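[1] Predicted model and sequence below, questions to follow.
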Amino acid sequence: MFKKIKNYIKESYDELLNKVSWPTWKELQSSAIVVSIASLIFALVVYLMDTTFSSILKQFYRLF
């Protein structure tokens, strides 16, 4: 059983080093920028929706 685990770890390590294509530092930075901008846009949309619905509900509850 320990031999199987040891073999699995060895093969996984070998695959990570030799078969996985890792991004370059420049690619990683550009991807991080894209994700950050998309996250900010999404957060802004959610904030605007929240404030809009909050305002609408306040107006609705004032009727009663």
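    All right, it came through fine. Numbering: from 1, shown residues only.
[2] before we move on, what SS does the most centrally placed residue in the chain have?
    With distances taken as CA atoms, centre = their mean, Val35 lies nearest the centre of the chain, 7.3 Å away. Counting by DSSP: H, G, I helix; E, B strand; the rest coil, the backbone at Val35 sits in helix.
[3] and the helix or strand bottoming out on mean pLDDT in the chain, C-alpha only, in PDB?
    Scoring the helices and strands of the chain by mean pLDDT, DSSP states H and E places helix 2-18 at the bottom, with a mean of 94. Output in PDB follows, covering the C-alpha atoms of helix 2-18 (Å, rounded to 0.1, in the frame of the first residue of the first chain):
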ATOM      1  CA  PHE A   2       2.800   2.400   0.900                       C
ATOM      2  CA  LYS A   3       4.500   1.600  -2.400                       C
ATOM      3  CA  LYS A   4       1.400   2.700  -4.300                       C
ATOM      4  CA  ILE A   5       1.200   6.000  -2.400                       C
ATOM      5  CA  LYS A   6       4.900   6.600  -2.900                       C
ATOM      6  CA  ASN A   7       4.500   5.900  -6.700                       C
ATOM      7  CA  TYR A   8       1.500   8.200  -6.900                       C
ATOM      8  CA  ILE A   9       3.400  11.100  -5.300                       C
ATOM      9  CA  LYS A  10       6.400  10.500  -7.500                       C
ATOM     10  CA  GLU A  11       4.300  10.400 -10.700                       C
ATOM     11  CA  SER A  12       2.400  13.500  -9.600                       C
ATOM     12  CA  TYR A  13       5.600  15.400  -8.900                       C
ATOM     13  CA  ASP A  14       7.000  14.400 -12.200                       C
ATOM     14  CA  GLU A  15       3.900  15.500 -14.000                       C
ATOM     15  CA  LEU A  16       3.900  18.900 -12.300                       C
ATOM     16  CA  LEU A  17       7.500  19.500 -13.300                       C
ATOM     17  CA  ASN A  18       7.600  18.100 -16.800                       C
END
